[in-house]
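> Generate coordinates for the sequence data below:
(chains A and B)
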Amino acid sequence: MKYRFKNHLRNYTQEPILKRYSNLTEKEATLEKLLEFQKDALQANIAQAYKNPFYYEKMKEAGVKPQDIKTLSDLAKLPFTTKDELRRNPWQLLATDKRDISLVHVSTGTTGGEEIYMMQSWRDLYLNEFSAGYPHLLKLVPGDICINALPYEMSSSGLAFHKVFMEISGVTVVPVGKGGAYSTPRKIVQVMKDLQPTVVMTTPSYSITLAEAAAEIGFDLASLNLKKVWLTGEGCSPAFRDRVEKIWGTIANFYYGSLEAMGLGIECDYHAGYHIPMGHVIIEIIDPQTGEVLEPGEIGEIVTTPLLRFDTPLLRYRTLDLGYIDPEPCECGMTFPRFFMRGRTVDQITIQGIGFSPFYLEEFLMRLPEVGNWYQFVVQPEDNENLKIRTELAPGIEPTPELADRLASKMEYSLGIPCEFEFQEKLMRTGAKSVRVVRD
Amino acid sequence: MTSRFERLIQEASFPPFAERTFSKAITPDQMSRSRIQTYQEEAIKEVISRAYQNSPFYQDKLTQAGVQPEDIQTLEDLEKVPFTTKEDLRQDPWIRLACDKKEISLIHVSSGTTGGKEIYTPHTWKEYYFNHSIIYPRLTPVKREDIAFVALPYEMSQSGLNFHNLFLIGHQATAVPVGKGGAYSTPEKTIKLMKNLKPNFIATSPSYAIHLAEAAEAASLDLTTLPLKRMFVAGEGCSNAFRNRLEKIWNTTVNFQYGATECGFIARECDLHDGLHITAAHVLVEIVDPVTGKVLKPGEIGEIVVTCLLRFDTPLIRYRTQDLGYLNPKICRCGVALPRLYHLGRAADHITLKGKSYSPYALEEYLIKLPEIGNWYQFIVQHGDNEQLTILTEPAHDVVVTPELIQKCSRQLHAAIGVSCEVQFVEKMDRPMIKAKRIKYTD
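So this is what the prediction gives:
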């Protein structure tokens, strides 16, 4: 009986192409080698996708056959997959039998609409992995204690990192979660105090919530001597990150991922864009209007093709996130291309006809020391005459009309658009993703 | 080449006594009583000797009690070993370590419902894995083609992740981690997922099963159309009458699973609902007198004491759970020879009425049997003795509250319990997302 699980996995074989790359050391995983891997993995994914009625139809309509994809640049021949298509049917991406599915996740619903279901088969979850990993970026070693303060339920973020910690990196994970029946910020702070973790994984806004809970009991987070805080789930500006680093007394790096495409980008300590985990995903930047693939450096919509989900393949998925690719080697020594995020298309704020990323606006806001860590941009979906900022003030700062005027003119000077401040003693802290843009 | 995960499971070796017992197709719920006993005896010797060797905490404890590992030869000898209390575990998060700290893969944190400092429960990867590899398919008949929803908290305590891995690692079924509360989990969303994915099994708590049923009603989902094979309820206890309501609402068999973060699963019900079968490959259960610590005879009510049999890296020996119960050694009619435990709830939650102590589940049983009573209620009492029992409750659906009804319910409960009862109806009770608060203290 003890072999049941082992025997069960024997029903499945690792995707054959992975065998050719499974002995790669980090050193051998050169850019050239990875591009070769991406091409092979892409072809294997397309062959699988062709078994799935949804993709079969899509490819037929586009007049593309699996054998037409010979190089990575042929990827552009394939049609896109949109969020709306994934919303039609929970089993939309299935390219295997239903009983081969081990785990089902569901979208958080922040973009609205019907749920998007994402599944992993037994072989994708337990057997199909890219061996080289990114030890240079993750730097996790046995003995590290990782506080996983991400939601474990519904979406994949908490459980995905849980698995990375337990089974890929072999470190200790403490599943404290984010919200939930037993998880409170106060309790997480107590757990950190007791266990002295080396790594914390959470979202930018929740890192502030935890810091506030620590302050309430007079606990200095910097005394933890953390090696790193990993931020994911939401974006934020460099200025906000600086605040997080100061409060936690350690370096904070971003890990960009999504339910649909999993790991998409990992920051190195130089904070110079996201290193693309090329063993896991192909990233393209396209013109959101024409769908054309853009050149490096041009800003457009991020389109992802995850490479290790052979039984529920996802081809050219439009993330609605904006960014650009920089192919230059990074100062950290890595030669993989990087991409830079520019927020989500749906979150763009238009003021006097100019589109702004909320993170760009946040950057200037967070540079003002009088401004607290919780704020909202109050805007209309269409064009706005000015930018209304509703915010808490930093501890000890008095809300006065003069201060509002002064901050508004500082923002206007930086942004070139009129701004208006409204101070609030306390804004709502949400357990879900923080709401930074409020549509009036 | 294999994946890291495959390498991990290949490297995970079982202790010899477990290897001998479980290398064949036999599962613990197919074993005879004598075989279970032999297994437990071998296990206990191994547990004690390895704890003595590798755990400073247990070495001290055993030395202080003047016990050497060789003194433990039979299950009766276990009585010589001192207890482990919640207070012991609260001293130091790492107190249970009998291995290198680096070996620890996962740490759970107690839910804190009993109050006091957090209790930490560390696991090494290989022990976590083999604890999940040994299963009881006659009690948990989950097949690989089944879809299993886990509507329990995943964070901090063990409950969600334990069921998650029971389904995935143990039974190779499809798991849907819907959770309970948390950033993205609402009853409404969970119901939507049920509608779309059509689960065969649900693991949740009794009160959350009502939350979900209410959300289903609001969404006009008829729960009886789901292809459910069983619902497993854990985390909170409840009465049979409450369970009967759940079975009716969900149109499926509802079985209890009893466990604790510190020691994992302890016992689970079969479909006959006559006590919970102890998951005896994983734990040894004793019932002791809470005051004297003496081991009690089958049938006598006392504190449930648990020894983990498959944990050597983070052993737990004679752990006092502060829960009350009694054992029934008679073989169950279902044919499973695992001894049965009757779980009576936490000692701290027992209510004293006119000098007599009652399990809240026993009182709930009388209350919920009355069809006019809704699914949300609270006993309003004080610590210590109570002259009467006050019950704050919602009326059942479409029940009109009249003075006659109040009188009738109060009188019926008085007759059943033997203590004067006062029923107070309110239109809507609070619905906490954490464990349901069934007892409210006025002092």
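> Sketch out the helices for the stretch 1-150 of chain B, chain order is fine.
B:4-11, B:16-22, B:33-54, B:56-64, B:86-90, B:125-133 (DSSP state H, counting those that start in this stretch).
> wait, what's in contact with residue 147?
Here I'm looking at chain A. Shown in contact with A:Ile147 (CB atoms under 8 Å, 6 or more residues apart in numbering or on different chains): A:Val174, A:Val176, A:Ile188, A:Val191, A:Met192, A:Leu195, A:Pro197, A:Val199, A:Val200, A:Met201, A:Thr202. (Each C-beta comes from the backbone N, C-alpha and C, glycine too.)
> wrong one, chain B
Contacts for B:Ile147 (CB under 8 Å, 6+ apart) come out as A:Val104, B:Ala173, B:Thr174, B:Val176, B:Leu197, B:Lys198, B:Pro199, B:Asn200, B:Phe201.
> ok, 7 Å please
B:Ala173, B:Thr174, B:Val176, B:Leu197, B:Lys198, B:Pro199, B:Asn200 (CB atoms under 7 Å, 6 or more residues apart in numbering or on different chains).
> ditto for A:Thr203
A:Thr203 neighbours (CB under 7 Å, 6+ apart): A:Leu231, A:Thr232, A:Gly233, A:Glu234.
> In JSON lines: those residues, plus pLDDT.
Below are the contacts of A:Thr203 laid out as JSON lines (pLDDT from 0 to 100):
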{"residue": "A:Leu231", "pLDDT": "96"}
{"residue": "A:Thr232", "pLDDT": "94"}
{"residue": "A:Gly233", "pLDDT": "87"}
{"residue": "A:Glu234", "pLDDT": "85"}
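> Just the buried residues of the contacts of B:Ile147.
The neighbour-count criterion (16 or more other CB atoms under 10 Å in any protein chain shown) marks B:Ala173, B:Thr174, B:Val176, B:Leu197, B:Pro199, B:Asn200 among those as buried.
> could you measure the first one against chain A, distance?
Using CB to the nearest CB, to the nearest Å, B:Ala173 is found at 8 Å from chain A.
> Was I right to think that residue contacts B:Phe149?
No - taking contacts as CB atoms under 7 Å, B:Ala173 lies outside contact range of B:Phe149: 10.5 Å.
> element containing the residue nearest to B:Ala213 when sequence neighbours are not counted?
Nearest non-adjacent residue to B:Ala213, counting by CB to CB, 6 or more residues apart in numbering or on different chains: B:Ile249, 4.8 Å away. For B:Ile249, the host element (DSSP states H and E) is helix B:240-250.
> Can I get the longest helix that chain A contains in CSV, CA atoms only?
Longest helix in chain A, counting residues (DSSP state H): helix A:31-49. Extracted as CSV, the C-alpha positions of helix A:31-49 are listed here (Å, rounded to 0.1, in the frame of the first residue of the first chain):
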residue,chain,number,x,y,z
LEU,A,31,20.8,31.5,-23.3
GLU,A,32,21.4,29.4,-26.4
LYS,A,33,20.6,26.2,-24.7
LEU,A,34,17.4,27.6,-23.3
LEU,A,35,16.3,28.9,-26.6
GLU,A,36,16.7,25.4,-28.0
PHE,A,37,14.7,24.1,-25.1
GLN,A,38,12.0,26.6,-25.6
LYS,A,39,11.6,25.6,-29.2
ASP,A,40,11.4,21.9,-28.3
ALA,A,41,9.0,22.6,-25.4
LEU,A,42,6.8,24.8,-27.6
GLN,A,43,6.5,22.1,-30.2
ALA,A,44,5.6,19.6,-27.6
ASN,A,45,2.9,21.9,-26.1
ILE,A,46,1.4,22.6,-29.5
ALA,A,47,1.2,18.9,-30.3
GLN,A,48,-0.7,18.5,-27.1
ALA,A,49,-2.9,21.5,-27.7
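> who does that helix touch, helix- and strand-wise?
helix A:16-19 (3 or more CB pairs under 7 Å, 6 or more residues apart in numbering or on different chains; DSSP states H and E).
> What segments of the stretch 101-250 of chain A are strands?
Here the stretch 101-250 of chain A has its strands, by DSSP state E, counting those that start in this stretch, at A:101-106, A:117-121, A:145-148, A:172-174, A:199-202, A:228-231.
> oh, I was asking about the stretch 151-300 of chain B
Using DSSP E, counting those that start in this stretch, strands in the stretch 151-300 of chain B cover B:174-176, B:201-204, B:230-233, B:253-260, B:264-269, B:276-278, B:283-288.
> who wins for proximity to B:Glu387 among those strands?
Within the strands of the stretch 151-300 of chain B, the stretch nearest B:Glu387 is strand B:283-288; the backing value is 31.0 Å (CB to CB).
> chain center to that closest one: distance?
14 Å (CA atoms, centre = their mean, to the nearest Å).
> Let's test this: mean pLDDT of stretch B:168-186, rounded?
The average of the pLDDT scores along stretch B:168-186 is 91.
> Could you check the longest helix of chain A and say which residues are buried?
Applying 16+ other CB under 10 Å to helix A:31-49 flags A:34, A:37-46, A:48-49 as buried.
> burial measure for B:Thr279, as a count.
Burial measure for B:Thr279: 26 neighbouring residues, criterion other CB atoms under 10 Å in any protein chain shown.
> swap in A:Pro381?
With other CB under 10 Å as criterion, A:Pro381 counts 11.
> helix or strand for it, which one?
With DSSP H and E as the test, A:Pro381 turns up in no helix or strand.
> hang on, the earlier thing: what's the farthest-apart pair in the buried residues of helix A:31-49?
A:Leu34 and A:Ala49, at 21.3 Å, using CB to CB across the buried residues of helix A:31-49.
> From chain A, how far off is B:Ile417?
Distance from B:Ile417 to chain A, by CB to the nearest CB: 31 Å.
> Please name the nearest non-neighbouring residue to that residue.
Nearest non-adjacent residue to B:Ile417 (CB to CB, 6+ apart): B:Tyr366, at 5.8 Å.
> who's in contact with the one you found?
B:Leu413, B:Ala416, B:Ile417.
> That one belongs to a strand, doesn't it?
No - judged by DSSP: H, G, I helix; E, B strand; the rest coil, B:Tyr366 forms no part of a strand; its state is helix.
> What about A:Pro135, how many residues nearby?
Based on other CB under 10 Å, the number of other residues close to A:Pro135 is 12.
> Spatially nearest residue to it (excluding sequence neighbours)?
A:Glu26 is the one closest to A:Pro135 (CB to CB, 6+ apart), at 5.9 Å.
> Help me confirm that that neighbour comes into contact with A:Leu137.
No - using CB under 7 Å as the test, A:Glu26 is too far from A:Leu137 to be in contact (10.1 Å).
> Please identify which of the two sits among more neighbours.
The neighbour comparison of A:Glu26 against A:Leu137 (other CB under 10 Å) goes to A:Leu137, with 20 against 12.
> Quick check, pLDDT for the more buried one.
Reported pLDDT for A:Leu137: 85.
> What residues does the residue nearest in space to the middle of chain B make contact with?
Nearest to the geometric centre of chain B sits B:Tyr258, at 2.0 Å (CA atoms, centre = their mean). By CB under 7 Å, 6+ apart, the contact list for B:Tyr258 reads B:Ile266, B:Ala267, B:Leu276, B:His343.
> Bridge partners for the third one, pull those for me.
Here B:Leu276 sits in beta bridges with B:Glu269, B:Leu341, as judged by DSSP bridges.
> Quick check: it vs B:Tyr361, distance?
Distance, B:Leu276 to B:Tyr361, using CB to CB, to the nearest Å: 13 Å.
> the more surrounded of these two?
The residue with more neighbours, out of B:Leu276 and B:Tyr361, is B:Leu276; 25 against 22, by other CB under 10 Å.
> so where is the chain shaky, pLDDT-wise?
In the absence of a named chain, this looks at chain A. Applying pLDDT under 70 to chain A flags residues A:1-2, A:110-112, A:131-133, A:181, A:431-432, A:440.
> my bad, the chain I had in mind was chain B
Checking chain B against pLDDT under 70 turns up B:1, B:111-115.
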